[in-house]
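# sequence and predicted structure are below.
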Amino acid sequence: MSIVKEILQNVALPKMIPIRQRFSAVELADPAATLRQQIRRPDISNRIRKGMKIAVAVGSRGMAEIPLIARVVIEEIRRLGAIPFIVPAMGSHGGATAEGQKQVLASLGVTEETAGCPIISSMDVVELGVLDNGLAVLMDKQASQADGIIVINRVKAHNAFSGPVESGLTKIIAIGLGKQKGADSCHTYGFNHMADMIVAMTKIKLKRMPFLFGIGTVENAYDRIAKIEVVPSEAIIEADKRLLSEAKANMPKLLLQPVDVLIVDQLGKEFSGGGMDSHTIGRAATTCVFPAALPPKRLVVLDITNNSHGNACGMGLADLTTRRLFDKINFDFTYANNLTSTATESGRIPLIMDNDQLAIQGAVKTCNVPDISKLRMMRIPNSLHLERAFVSESMLAEAQACADITIVGQAAEMAFDEAGNLGDLGFNTWRAEDNEH
């Protein structure tokens, strides 16, 4: 027996109870129809002329219905007689390589076949100007040669900084379409200045490039579209400010706090640009964001999604992880993201345990709650999908008293397999069930 197993073998784990959290769930009935209707408004459609070559910027965020949205936009451009193509707009993601960025789009369901147009991926940029502080404003070369540019993005709270504009159309213009070099330039002075940098760079790009309009979505707490808004290019920054407040109001959260041990089954770029959303887990890679959630005493992350392609940004926010996750890390992809964003904390290596059981036991042992009957432990599938969770028995009375929580099963021991790992305990089944609502 290894010394680690010997130290942890007698660490007891509490029984866990499955719960369902309820959030406001305003949802757009027909996103495709709404999008078509808005693009066909004269103030939008008149910007597209026959024969124009139009670049459609699609990012790496796992926004809801992105394959559908991309396809509808392409179809509407063609209907108006223009020639569309897609450019990946994701800064340094995908390992900061052209092929890697195209693979990221494919993992999100956006391919030349699904979208119905070419995807032209390149890391080449052109310089459009220089800010007063000396930072270069860089633009995807392929997009810069188009007759028109359209951007698509989800508007949401950023995981590393707070400001009047965070993740959204402005950020995809400033950073996404800047590719790795442009993203690197924008991050030069750190996240303390990010809110100002993305607006300043976007203003120059909007002035010097043929942006036509932006398509912003706001999602509800169940990762489904609550609103789609098509805005003229000159209104993008103000629309981002307005939609951000709606997005923050819609965010899911952990209804029972504080937590001694938080278990996150998977981190992933489709859940948050930071792998795990700071607004959910209460921890951030910078001091420039102010999450409402209380930080847990110990955080365990068990695995990473396939769609992350080994980009393990966010693992540094955890205290413990598993060898399963560690073996999937693509350090080039991860460190390209860390070095560009300058948030090196995000890429730090937590304690690596051989399996889920040891990782969770390690968290329990080190959280300094010696009475197992009082341990507050919570398990979630990821930092975005919070409708289903498990809580320890010590939290049962509190869960029963919360009007927005339903107890959906009995308390049970955590079920580890022969390798010491957990199954999904119904998380995948629950997601399918929730999608039916």
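Ah, there it is. Residues are numbered from 1 along each chain as shown.
# show me what residue 405 is bridged to.
For residue 405, the beta-bridge partners under DSSP bridges are residue 21.
# show me the strands in the stretch 151-300 of the chain, by range?
For the stretch 151-300 of the chain, the strands defined by DSSP state E, counting those that start in this stretch cover 211-219, 225-232, 261-267, 298-304.
# the ones you listed: which one's closest to residue 68?
The closest of the strands of the stretch 151-300 of the chain to residue 68 is strand 225-232. By CB to CB, the value is 9.5 Å. For the C-beta atoms, the positions are set from N, CA and C on the backbone; glycine is no exception.
# domain ranges for the protein?
3-23+252-434, 31-250 (automatic domain parsing).
# any weak-confidence spans in this protein?
Applying pLDDT under 70 to the chain flags residues 1, 424-437.
# for the spatially most central residue of it, which non-adjacent residue is spatially closest?
Among the residues of the chain, the one closest to the centroid is residue 272, at 1.9 Å (CA atoms, centre = their mean). For residue 272, ignoring the flanking residues on the chain, the nearest one in space by CB to CB, 6 or more residues apart in numbering is residue 159 at 5.2 Å.
# check residue 374 too.
residue 394 (5.5 Å).
# assumed residue 74 was part of a helix.
Yes: membership of residue 74 in a helix is supported by DSSP: H, G, I helix; E, B strand; the rest coil.
# touching, it and residue 117? I think so.
Yes: with contact defined as CB atoms under 8 Å, residue 74 and residue 117 form a contacting pair (4.9 Å).
# re earlier: the residue nearest to the centre of the chain and residue 180: what is the separation?
20 Å (CB to CB, to the nearest Å).
# and of the strands of the stretch 151-300 of the chain, who's closest to residue 252?
That would be, of those and by CB to CB, strand 211-219, which comes in at 9.8 Å.
# what helices and strands are in contact with the closest one?
Contact analysis of strand 211-219 by 3 or more CB pairs under 8 Å, 6 or more residues apart in numbering; DSSP states H and E lists helix 66-79, strand 148-154, helix 169-174, strand 225-232, helix 236-250 as its packing neighbours.
# ranking those by burial, who's on top?
Stretch with highest mean neighbour count among those: helix 169-174 (a mean of 30; mean count of other CB atoms under 10 Å).
# packing partners of it?
Counting by 3+ CB pairs under 8 Å, 6+ apart, helix 169-174 packs on strand 148-154, helix 194-208, strand 211-219, helix 236-250.
# I'd like these written out as TSV, with distance to residue 304 added.
Output for the helices and strands packed on helix 169-174, formatted as TSV (distance: least, CB to CB, whole Å):
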stretch	distance to residue 304
strand 148-154	21
helix 194-208	25
strand 211-219	22
helix 236-250	25
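# so which of those is nearest residue 293?
Nearest of the helices and strands packed on helix 169-174 (CB to CB): helix 236-250, 12.8 Å.
# list the contacts of that closest one.
Contacts to helix 236-250, defined as CB atoms under 8 Å, 6 or more residues apart in numbering, come from residues 23-24, 26, 151, 154-157, 164-166, 168-170, 173, 199, 202-203, 206, 211, 214, 216, 218-221, 226-227, 229, 231.
# give me the buried subset of these.
Restricting those to buried positions leaves 151, 154-157, 165-166, 168-170, 173, 199, 202-203, 206, 211, 214, 216, 218-221, 226-227, 229, 231, with burial counted as 16 or more other CB atoms under 10 Å.
# and residue 410, which of the strands of the stretch 151-300 of the chain is closest to it?
Of all the strands of the stretch 151-300 of the chain, strand 261-267 comes closest under CB to CB, at 19.1 Å.
# any idea which of the strands of the stretch 151-300 of the chain gets closest to residue 16?
strand 261-267 (9.3 Å).
# next, the angle strand 298-304 makes with that closest one.
20 degrees (axes from the mean of the first three to the mean of the last three CA atoms, to 10 degrees).
# so which bits of strand 261-267 are buried?
Under 16+ other CB under 10 Å, the buried positions of strand 261-267 are 261, 262, 263, 264, 265, 266, 267.
# what do you get for stretch 375-387?
Buried residues in stretch 375-387 (16+ other CB under 10 Å): 375-387.
# C-alpha coordinates for that stretch, PDB please?
This file holds the C-alpha atoms of stretch 375-387, laid out as PDB (Å, rounded to 0.1, in the frame of the first residue of the first chain):
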ATOM      1  CA  LEU A 375     -19.300  18.100   6.700                       C
ATOM      2  CA  ARG A 376     -20.900  20.100   4.000                       C
ATOM      3  CA  MET A 377     -20.100  18.500   0.700                       C
ATOM      4  CA  MET A 378     -21.600  19.100  -2.700                       C
ATOM      5  CA  ARG A 379     -21.100  17.400  -6.100                       C
ATOM      6  CA  ILE A 380     -22.000  19.000  -9.500                       C
ATOM      7  CA  PRO A 381     -21.400  17.700 -13.000                       C
ATOM      8  CA  ASN A 382     -19.600  20.900 -14.100                       C
ATOM      9  CA  SER A 383     -19.700  24.700 -13.400                       C
ATOM     10  CA  LEU A 384     -22.500  25.400 -15.900                       C
ATOM     11  CA  HIS A 385     -25.200  22.700 -15.500                       C
ATOM     12  CA  LEU A 386     -26.300  23.200 -11.900                       C
ATOM     13  CA  GLU A 387     -29.900  22.000 -12.000                       C
END
